[in-house]
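Pasting the sequence and the predicted model now:
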Amino acid sequence: MVEAFAVASGKGGTGKTTTTVALGMALAEEYDVTVVDADTGMANLLFHTGLTDADATLHDLVIAGSTRSVEDAVYERFGMRVVPCGTSLEAFEAADPDRLRAVVAELAADADVILLDSPAALGSKSAVLPVVLADRVAVVVEPTIPALSDGLKVQEYAASYGTDTAGVVFNKVRDPEAASDVAEKAERYFDGPTLATVPDSDAARAARRAGAPLLAHAPDSDAARAYQAAAGTLDVRAGESDAVADRFRSAVAPDSP
């Protein structure tokens, strides 16, 4: 059984990687979770999970001619299996995004939940492929109308490839009352529910500086509790691993959205 979620946003800086790791840790209390940094151009997952010295990363798996196995780039961290991506520009330029399909297909055999930390914008094949591969997308936005517009573009694009919306995470919330108004508007347009309203958090910033996930660094913080609630709201719809893997291998994404 496995379901793949893309954690996506219409722009950078929304806290997408923090959200991916937090959801992963919370879901790992019940499921076998694999988190993949599918942002091959602007990787951040390795910084959030203390893997800056990782010997092998996703880049090593998606470069043509690589002899690395998928397991070489999988690390057990914080109750999850983590596949970080490197930060080398040279490796990014050499990466073949189509090879991500086979990597995720192989990972599907050993997971109940796969979380794909997706690129922030939909400007290239490597950026859109995680959204196309996923069963559903969790959209991370800040609680502003322009941010909602960006998030709706992600949903629209995902829907055009048959990827449903799992829900919306409102992140970096400074004014809960204003965020509530925005969330009400969001419910009219997004297909999924509001998964969480996560307060702006010094604890989250401190966790990033420490190279640790928020739920490990400050598990009792308001932000951590919000992510725990989000994971509880995220209903996992398991598919047959073999069927899901076959779908990954055959997925097709355009060269640009």
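Received it, and whenever you're ready, just let me know what you need.

and the closest residue in space to residue 218 that isn't next to it in sequence, what element?
Take residue 218 and drop its neighbours on the chain: the residue closest to it by Cβ to Cβ, 6 or more residues apart in numbering is residue 203, 3.7 Å away. Bear in mind the C-beta positions are built from the backbone N, C-alpha and C, glycine included. Residue 203 is located in helix 202-210, with elements delineated by DSSP states H and E.

helix or strand right after that helix?
Sequence-wise, the next helix or strand downstream of helix 202-210 (DSSP H and E) is helix 214-217.

Show me what the longest helix seen in the chain packs onto, helices and strands only.
In the chain, with assignment by DSSP state H, the single longest helix is helix 145-160. Packing contacts for helix 145-160, counted by 3 or more Cβ pairs under 8 Å, 6 or more residues apart in numbering; DSSP states H and E, involve strand 3-8, helix 125-133, strand 136-141, strand 164-173, helix 176-189.

can you put these in JSON lines and add mean neighbour count and distance to residue 76?
Compiled in JSON lines, those are given as follows (neighbours: other Cβ atoms under 10 Å; distance: least, Cβ to Cβ, whole Å):
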{"stretch": "strand 3-8", "mean neighbour count": "27", "distance to residue 76": "20"}
{"stretch": "helix 125-133", "mean neighbour count": "24", "distance to residue 76": "22"}
{"stretch": "strand 136-141", "mean neighbour count": "28", "distance to residue 76": "23"}
{"stretch": "strand 164-173", "mean neighbour count": "24", "distance to residue 76": "25"}
{"stretch": "helix 176-189", "mean neighbour count": "14", "distance to residue 76": "36"}
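
Give me the residue ranges of the stretch 51-200 of the chain where confidence is low.
Along the stretch 51-200 of the chain, the parts satisfying pLDDT under 70 run over 89, 91-92, 121-127.

what's in contact with the helix holding residue 203?
For helix 202-210, the surrounding residues in contact (Cβ atoms under 8 Å, 6 or more residues apart in numbering) are 15, 18, 47, 48, 213, 214, 216, 217, 218, 221, 223, 224.

Not including adjacent chain positions, what is the nearest residue to the second one?
What that stands for is residue 18. Of all residues beyond its chain neighbours, the one nearest residue 18 is residue 204 (5.7 Å), with distances taken as Cβ to Cβ, 6+ apart.

No further queries at this time; thank you.
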